[in-house]
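**Student:** I'll drop the sequence and a predicted model, then ask my questions.
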Amino acid sequence: MEYQAQTFNIPVLDGISQKSVDEHIGLYNGYVKNCNAVTTLAGDLMKDQEKNALAIGELMRRRSFEFGGMRLHELYFTQFEGGATELTTGGPLSSAIIAQYSNVDYCVAELRQVAMLRGPGWSLLYWDAVAKQFLIGFSGEQHMGHFAGLPILLALDVWEHAFILDYGAQGKAKYVDAFFKNLNWKTVEKRFASITG
């Protein structure tokens, strides 16, 4: 099955320019296209696995990179749809965060701290249904560094392409501020509700 690029209904964002959003979505479209191309090429090479073993191995690694970029960007962009909303006080997500962190601000502060790690990547909020707890992690590349099997509730892209047009190479902190200013917490709440029932 070929993957189709999603379209996103993103309003005008505060602190993230339309040009930056457009360029970023163009990059996402490239992940979708490349994921499909790599999958097709790998299938063709599988016809002679012995001869093409090395190429197949490299393509499989590349496919996980392209797929991860596709999926993480889909999580990322949908968090802006509908405009910014606050986290619902006393709702299931905020209550679970407070139960673990004592304060929602502590959870957000940890996400911000992870986002500010040196180098490109993703600051990600996961839910571990087995341990009934949140985990915050950093994926330096979208196919590496994940907590296996855990669903992602919040995805913050901190690759340079997310902020360099608006803030320059040293502007990550200002971009992270803008991300949280524009975040639709209701989207994150729906993700949490869908996995916790």
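**Tutor:** Yep, that arrived. Computed from a prediction, not measured in an experiment: that's the story for all the values here. Numbers count the residues shown, from 1 in each chain.

**Student:** make it CA atoms for all contacts and neighbour counts henceforth
**Tutor:** Will do.

**Student:** Test my guess that residue 66 contacts residue 31.
**Tutor:** Yes. Contact criterion C-alpha atoms under 8 Å: residue 66 and residue 31 qualify, at 5.1 Å.

**Student:** Now the helix or strand harbouring residue 68: buried residues?
**Tutor:** Per DSSP states H and E: residue 68 is located in helix 53-78. By neighbour count with 16 or more other C-alpha atoms under 10 Å, helix 53-78 contains the buried residues 56, 59, 62-70, 72-78.

**Student:** and residue 155, bridged to which residues?
**Tutor:** Beta-bridge partners of residue 155, counted by DSSP bridges, are residue 124.

**Student:** what's around it, how many residues?
**Tutor:** When neighbours are counted by other C-alpha atoms under 10 Å, residue 155 registers 21.

**Student:** Which stretches in the protein count as strands?
**Tutor:** 122-128, 133-139, 152-157 (DSSP state E).

**Student:** who does the first one touch, helix- and strand-wise?
**Tutor:** What that stands for is strand 122-128. Judged by 3 or more C-alpha pairs under 8 Å, 6 or more residues apart in numbering; DSSP states H and E, the packing partners of strand 122-128 are helix 104-115, strand 133-139, strand 152-157.

**Student:** Please identify which of these is closest to residue 5.
**Tutor:** Ranking the helices and strands packed on strand 122-128 by proximity to residue 5 (C-alpha to C-alpha) places strand 152-157 first, at 18.1 Å.

**Student:** Okay, residue 100 and residue 108: tell me how far apart.
**Tutor:** With the distance defined as C-alpha to C-alpha, to the nearest Å, residue 100 ends up 12 Å from residue 108.

**Student:** do you know how far residue 125 is from residue 45?
**Tutor:** For residue 125, the distance to residue 45 - C-alpha to C-alpha - is 37 Å.

**Student:** Settle it for me: which of these two has more neighbours?
**Tutor:** residue 125 (22 against 17).

**Student:** For that one, list the residues it contacts.
**Tutor:** 111, 134, 135, 136, 137, 152, 153, 154, 155 (C-alpha atoms under 8 Å, 6 or more residues apart in numbering).
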